[in-house]
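Enquirer: give me a 3D structure for the following:
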Amino acid sequence: MSNLFSTFDPSTQFLSLNWLSSMIFVLIIPQTMWMIPSRITYLWTIIINKLHQEFKTLIGKSTGSTLIFISLFSMILINNFLGLFPYIFTSSSHLTFTLTLALPLWLSFMIFGWINNTIHMLAHLVPQGTPPILMPFMVCIETISNIIRPGTLAIRLTANMIAGHLLMTLLGNTGSLLSTYLITLLLAVQITLLVLESAVAIIQSYVFAVLSTLYSSEVT
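Expert: The predicted model follows:
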(Lines give C-alpha, C1' and ligand atoms only; values in the text may rest on other atoms or scores of the structure.)
Protein backbone atom coordinates (compact mmCIF):
# COMPACT_ATOMS: atom_id res chain seq x y z
CA MET A 1 0.00 0.00 0.00
CA SER A 2 2.88 2.39 0.71
CA ASN A 3 4.22 1.81 -2.81
CA LEU A 4 0.76 2.38 -4.25
CA PHE A 5 0.40 5.80 -2.62
CA SER A 6 4.04 6.79 -3.22
CA THR A 7 2.98 8.54 -6.46
CA PHE A 8 1.19 11.12 -4.29
CA ASP A 9 4.07 11.59 -1.83
CA PRO A 10 5.65 15.02 -2.30
CA SER A 11 8.60 14.05 -0.06
CA THR A 12 9.50 14.19 3.61
CA GLN A 13 11.84 17.15 3.17
CA PHE A 14 11.00 20.61 4.46
CA LEU A 15 10.56 21.97 0.93
CA SER A 16 10.08 19.46 -1.86
CA LEU A 17 11.00 20.31 -5.45
CA ASN A 18 7.94 18.29 -6.52
CA TRP A 19 5.74 21.29 -5.71
CA LEU A 20 7.48 23.25 -8.48
CA SER A 21 5.33 21.21 -10.89
CA SER A 22 2.52 23.66 -10.04
CA MET A 23 4.38 26.40 -11.93
CA ILE A 24 6.39 24.34 -14.43
CA PHE A 25 3.92 25.16 -17.22
CA VAL A 26 5.36 28.71 -17.26
CA LEU A 27 8.65 27.22 -18.51
CA ILE A 28 6.87 25.07 -21.12
CA ILE A 29 5.01 27.96 -22.80
CA PRO A 30 7.10 29.22 -25.76
CA GLN A 31 8.01 32.91 -25.61
CA THR A 32 6.61 33.52 -29.09
CA MET A 33 3.10 32.79 -27.74
CA TRP A 34 3.04 36.21 -26.06
CA MET A 35 4.13 38.07 -29.21
CA ILE A 36 2.94 36.18 -32.29
CA PRO A 37 -0.74 35.15 -32.57
CA SER A 38 -1.26 31.47 -33.34
CA ARG A 39 -4.08 28.95 -33.49
CA ILE A 40 -3.46 27.98 -29.88
CA THR A 41 -3.76 31.58 -28.65
CA TYR A 42 -6.87 32.05 -30.82
CA LEU A 43 -8.45 28.89 -29.32
CA TRP A 44 -7.54 29.96 -25.77
CA THR A 45 -9.03 33.41 -26.40
CA ILE A 46 -12.32 31.81 -27.50
CA ILE A 47 -12.38 29.64 -24.35
CA ILE A 48 -11.67 32.64 -22.10
CA ASN A 49 -14.43 34.70 -23.77
CA LYS A 50 -16.95 31.86 -23.32
CA LEU A 51 -15.96 31.47 -19.66
CA HIS A 52 -16.20 35.24 -19.14
CA GLN A 53 -19.76 35.31 -20.51
CA GLU A 54 -20.85 32.37 -18.37
CA PHE A 55 -19.22 33.59 -15.15
CA LYS A 56 -20.61 37.09 -15.70
CA THR A 57 -24.11 35.57 -15.92
CA LEU A 58 -23.54 33.68 -12.65
CA ILE A 59 -22.19 36.73 -10.82
CA GLY A 60 -25.29 38.69 -11.85
CA LYS A 61 -25.70 42.43 -11.53
CA SER A 62 -22.79 42.89 -9.13
CA THR A 63 -19.68 44.66 -10.35
CA GLY A 64 -17.37 41.71 -9.64
CA SER A 65 -14.69 40.68 -12.09
CA THR A 66 -14.48 37.25 -13.70
CA LEU A 67 -10.69 37.45 -14.12
CA ILE A 68 -9.91 35.69 -10.82
CA PHE A 69 -12.25 32.78 -11.65
CA ILE A 70 -10.88 32.36 -15.19
CA SER A 71 -7.34 32.38 -13.75
CA LEU A 72 -8.40 29.80 -11.16
CA PHE A 73 -9.90 27.59 -13.88
CA SER A 74 -6.75 27.88 -16.02
CA MET A 75 -4.36 27.05 -13.17
CA ILE A 76 -6.30 23.99 -11.99
CA LEU A 77 -6.83 22.76 -15.56
CA ILE A 78 -3.12 22.96 -16.41
CA ASN A 79 -2.10 21.26 -13.15
CA ASN A 80 -4.64 18.47 -13.70
CA PHE A 81 -3.37 17.85 -17.22
CA LEU A 82 0.29 17.97 -16.20
CA GLY A 83 -0.45 15.26 -13.63
CA LEU A 84 -1.41 12.88 -16.45
CA PHE A 85 2.15 12.93 -17.83
CA PRO A 86 4.63 10.37 -16.47
CA TYR A 87 7.04 11.46 -13.71
CA ILE A 88 5.23 14.77 -13.09
CA PHE A 89 3.92 15.31 -9.57
CA THR A 90 0.15 15.92 -9.42
CA SER A 91 -0.15 18.88 -7.06
CA SER A 92 -3.95 19.10 -7.46
CA SER A 93 -4.31 15.68 -5.80
CA HIS A 94 -3.24 17.18 -2.45
CA LEU A 95 -5.37 19.06 0.05
CA THR A 96 -2.40 21.38 0.60
CA PHE A 97 -2.89 22.73 -2.93
CA THR A 98 -6.68 22.67 -3.16
CA LEU A 99 -7.34 24.10 0.32
CA THR A 100 -4.83 26.88 -0.39
CA LEU A 101 -7.08 27.88 -3.30
CA ALA A 102 -10.50 27.28 -1.70
CA LEU A 103 -10.02 28.60 1.85
CA PRO A 104 -8.78 32.17 1.09
CA LEU A 105 -11.50 32.58 -1.57
CA TRP A 106 -14.30 31.48 0.78
CA LEU A 107 -12.87 33.51 3.66
CA SER A 108 -12.68 36.69 1.57
CA PHE A 109 -16.28 36.19 0.38
CA MET A 110 -17.47 35.74 3.96
CA ILE A 111 -15.61 38.78 5.29
CA PHE A 112 -16.86 40.94 2.42
CA GLY A 113 -20.45 39.69 2.78
CA TRP A 114 -20.73 40.03 6.57
CA ILE A 115 -19.14 43.50 6.63
CA ASN A 116 -20.96 45.06 3.65
CA ASN A 117 -24.22 43.07 3.41
CA THR A 118 -24.94 41.84 6.95
CA ILE A 119 -28.75 41.82 6.57
CA HIS A 120 -28.47 39.95 3.25
CA MET A 121 -26.17 37.32 4.81
CA LEU A 122 -28.53 36.85 7.77
CA ALA A 123 -31.47 36.43 5.37
CA HIS A 124 -29.58 33.62 3.61
CA LEU A 125 -29.56 31.59 6.84
CA VAL A 126 -33.35 31.17 6.71
CA PRO A 127 -34.70 30.02 3.31
CA GLN A 128 -37.89 31.71 2.15
CA GLY A 129 -41.09 29.96 3.26
CA THR A 130 -39.54 28.18 6.27
CA PRO A 131 -42.09 27.55 9.09
CA PRO A 132 -41.25 29.55 12.27
CA ILE A 133 -40.81 26.38 14.34
CA LEU A 134 -38.06 25.12 11.98
CA MET A 135 -36.14 28.41 11.77
CA PRO A 136 -33.57 27.61 14.52
CA PHE A 137 -32.79 24.26 12.90
CA MET A 138 -32.50 25.85 9.45
CA VAL A 139 -30.06 28.44 10.80
CA CYS A 140 -27.87 25.65 12.20
CA ILE A 141 -28.02 23.61 8.97
CA GLU A 142 -27.30 26.62 6.73
CA THR A 143 -24.42 27.71 8.97
CA ILE A 144 -22.81 24.26 8.89
CA SER A 145 -23.27 23.93 5.11
CA ASN A 146 -21.67 27.36 4.70
CA ILE A 147 -18.70 26.51 6.92
CA ILE A 148 -17.90 23.24 5.13
CA ARG A 149 -17.92 24.82 1.66
CA PRO A 150 -14.12 25.27 1.32
CA GLY A 151 -13.64 21.69 2.53
CA THR A 152 -16.09 20.26 0.00
CA LEU A 153 -14.50 22.30 -2.80
CA ALA A 154 -11.01 21.07 -1.90
CA ILE A 155 -11.94 17.43 -1.20
CA ARG A 156 -14.01 17.11 -4.40
CA LEU A 157 -11.04 18.08 -6.57
CA THR A 158 -8.53 16.03 -4.56
CA ALA A 159 -10.67 12.86 -4.44
CA ASN A 160 -11.37 12.91 -8.18
CA MET A 161 -7.69 13.31 -9.01
CA ILE A 162 -6.60 10.57 -6.60
CA ALA A 163 -9.29 8.08 -7.72
CA GLY A 164 -8.34 8.12 -11.40
CA HIS A 165 -4.59 8.05 -10.77
CA LEU A 166 -4.91 5.18 -8.29
CA LEU A 167 -6.97 3.12 -10.72
CA MET A 168 -4.42 3.64 -13.50
CA THR A 169 -1.55 2.79 -11.11
CA LEU A 170 -3.29 -0.39 -9.93
CA LEU A 171 -3.90 -1.57 -13.48
CA GLY A 172 -0.38 -0.61 -14.58
CA ASN A 173 1.25 -2.61 -11.76
CA THR A 174 -0.43 -5.83 -12.94
CA GLY A 175 1.06 -5.57 -16.46
CA SER A 176 4.14 -7.71 -15.72
CA LEU A 177 1.95 -10.63 -14.57
CA LEU A 178 -0.29 -10.84 -17.64
CA SER A 179 -0.07 -12.69 -20.93
CA THR A 180 0.32 -10.98 -24.31
CA TYR A 181 -3.41 -10.96 -25.06
CA LEU A 182 -4.32 -9.58 -21.64
CA ILE A 183 -1.66 -6.88 -21.93
CA THR A 184 -3.28 -5.74 -25.19
CA LEU A 185 -6.61 -5.54 -23.39
CA LEU A 186 -4.95 -3.74 -20.48
CA LEU A 187 -3.45 -1.14 -22.83
CA ALA A 188 -6.88 -0.49 -24.36
CA VAL A 189 -8.39 -0.04 -20.89
CA GLN A 190 -5.53 2.26 -19.83
CA ILE A 191 -5.98 4.44 -22.93
CA THR A 192 -9.73 4.64 -22.23
CA LEU A 193 -9.01 5.62 -18.62
CA LEU A 194 -6.55 8.25 -19.81
CA VAL A 195 -9.22 9.80 -22.03
CA LEU A 196 -11.67 9.67 -19.10
CA GLU A 197 -9.10 11.31 -16.81
CA SER A 198 -8.58 14.08 -19.36
CA ALA A 199 -12.34 14.74 -19.28
CA VAL A 200 -12.30 14.68 -15.46
CA ALA A 201 -9.41 17.19 -15.46
CA ILE A 202 -11.49 19.64 -17.50
CA ILE A 203 -14.75 19.02 -15.62
CA GLN A 204 -13.24 19.35 -12.13
CA SER A 205 -11.45 22.61 -12.90
CA TYR A 206 -14.69 23.96 -14.39
CA VAL A 207 -16.75 22.81 -11.36
CA PHE A 208 -14.26 24.41 -8.94
CA ALA A 209 -14.40 27.75 -10.80
CA VAL A 210 -18.20 27.71 -11.21
CA LEU A 211 -18.87 26.90 -7.54
CA SER A 212 -16.44 29.66 -6.49
CA THR A 213 -18.37 32.06 -8.74
CA LEU A 214 -21.70 30.97 -7.23
CA TYR A 215 -20.36 31.43 -3.69
CA SER A 216 -19.21 34.95 -4.59
CA SER A 217 -22.60 35.83 -6.08
CA GLU A 218 -24.37 34.92 -2.82
CA VAL A 219 -22.58 37.56 -0.74
CA THR A 220 -23.60 40.55 -2.92
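Enquirer: mind listing the helices for this protein?
Expert: Here the chain has its helices, by DSSP state H, at 25-28, 39-59, 67-82, 95-116, 118-124, 135-147, 149-173, 180-217.
Enquirer: and those helices as CSV, adding mean pLDDT and mean neighbour count?
Expert: To be clear about C-beta, it is placed using only N, CA and C from the backbone, and glycine gets the same treatment. Listed next are these as CSV, based on pLDDT from 0 to 100; neighbours: other C-beta atoms under 10 Å:
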stretch, mean pLDDT, mean neighbour count
helix 25-28, 75, 9
helix 39-59, 88, 13
helix 67-82, 90, 20
helix 95-116, 90, 16
helix 118-124, 82, 12
helix 135-147, 86, 12
helix 149-173, 87, 17
helix 180-217, 90, 16
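Enquirer: closest one to residue 17 among those helices?
Expert: Shortest distance between residue 17 and these, using C-beta to C-beta, is found for helix 25-28: 13.5 Å.
Enquirer: show me how far that closest one is from its chain's centre.
Expert: 20 Å (C-alpha atoms, centre = their mean, to the nearest Å).
Enquirer: same check on stretch 196-216?
Expert: The answer for stretch 196-216 is 5 Å, by C-alpha atoms, centre = their mean.
Enquirer: mind checking which of the helices of the chain is nearest residue 89?
Expert: helix 67-82 (8.6 Å).
Enquirer: now do the closest one: which elements does it pack against?
Expert: Judged by 3 or more C-beta pairs under 8 Å, 6 or more residues apart in numbering; DSSP states H and E, helix 67-82 is in contact with helix 25-28, helix 39-59, helix 95-116, helix 180-217.
Enquirer: next up, the contacts around the residue nearest to residue 149 when sequence neighbours are not counted.
Expert: Spatially, and ignoring its direct neighbours in sequence, residue 149 is nearest to residue 106 (5.6 Å; C-beta to C-beta, 6 or more residues apart in numbering). Taking C-beta atoms under 8 Å, 6 or more residues apart in numbering as the criterion, residue 106 is in contact with 149-150, 153, 215.
Enquirer: re the thing from before, so can I have a markdown table of the helices of the chain showing distance to residue 19?
Expert: Converted to a markdown table, the helices of the chain look like this (distance: least, C-beta to C-beta, whole Å):
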| stretch | distance to residue 19 |
| --- | --- |
| helix 25-28 | 14 |
| helix 39-59 | 25 |
| helix 67-82 | 11 |
| helix 95-116 | 8 |
| helix 118-124 | 36 |
| helix 135-147 | 28 |
| helix 149-173 | 15 |
| helix 180-217 | 19 |
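Enquirer: ok so, going back, ok, the residue nearest to residue 149 to residue 100 distance?
Expert: According to C-beta to C-beta, to the nearest Å, residue 106 and residue 100 sit 12 Å apart.
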